[in-house]
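**Q** make a model of this:
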Amino acid sequence: MSEKKLAIIATKGTLDWGYPPFILASTAAALGYETEVFFTFYGLQLLKKQLDLKISPLGNPGMPMPAGMDKWFPTLGLTIPGMENMMTMMMKNKMKAKGVASLEDLRELCQEAEVRMVACQMTVDLFEMDPSEFIDGIEFGGAATFFEFAGDSDICLYI
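**A** This is a model prediction of the structure:
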């Protein structure tokens with residue numbers, strides 16, 4: 001029987017959207033799946049050596065707010081300067097208190113598990129990103145690179 005394959009497209013670059021591709025990829029690799037994550041557009045932020053990801057409560061109605069803020073705090077209040085930093089700090093503290101691994105740790109786990117991580121070359125060029133800002137061990141490729149792998153995958157996820 002051939003090895004199962006998981007293909008993931010990671011398109012988001014915020015703290016909360018950074019977790020799913022790394023959790024799913026590392027878990028799949030641990031279960032014996034050959035795994036590839038294709039990082040494109042804002043998902044490329046997840047490959048930077050220095051992660052400075054934020055979480056935005058604005059436009060995120062499913063996000064549980066502390067002290068029931070979602071019931072009494074006006075949505076417009078989420079645009080107050082500093083609110084994004086405050087919510088990011090609160091989320092990081094909650095994750096740490098609950099023993100959730102950091103994105104850096106999950107990303108390293110993926111590297112150790114030989115998850116193939118591909119940065120979209122077109123997006124790197126489009127946003128004039130400096131490849132030296134990315135972690136070591138990643139590949140650069142285009143949509144065709146992704147389809148070479150995804151075309152034979154058992155599971156394909158868009159995150």
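
**Q** count of residues packed around Ser153?
**A** Applying other CB atoms under 10 Å, we find 19 residues neighbouring Ser153. For glycine as for every other residue, the C-beta is placed from the backbone atoms N, C-alpha and C.

**Q** elements contacting the helix or strand hosting Leu24?
**A** Assessed by DSSP states H and E, Leu24 sits inside helix 15-30. For helix 15-30, the packing partners by 3 or more CB pairs under 8 Å, 6 or more residues apart in numbering; DSSP states H and E come out as strand 5-10, strand 34-39, helix 83-97, helix 103-112.

**Q** and that helix, average pLDDT?
**A** Mean per-residue pLDDT for helix 15-30: 96.

**Q** give me the contact list for it.
**A** 6, 8, 10, 12, 35, 37, 39, 43, 45-46, 51, 53-55, 60, 63, 88, 91-92, 103, 106-107, 109-110, 113-115, 155, 157, 159 (CB atoms under 8 Å, 6 or more residues apart in numbering).

**Q** over to stretch 117-126?
**A** Stretch 117-126 has contacts (CB under 8 Å, 6+ apart) with 36-41, 44, 47, 110-111, 129, 131, 134, 137-143, 145-146.

**Q** look up how far Leu15 lies from Val100.
**A** Val100 sits 11 Å away from Leu15, going by CB to CB, to the nearest Å.

**Q** Leu106 too?
**A** Distance, Leu106 to Leu15, by CB to CB: 12 Å.

**Q** lowest mean pLDDT among the helices and strands of this structure, which one is it?
**A** Ranked by mean pLDDT, DSSP states H and E, the helix or strand of the chain with the weakest confidence is helix 69-72, at a mean of 59.
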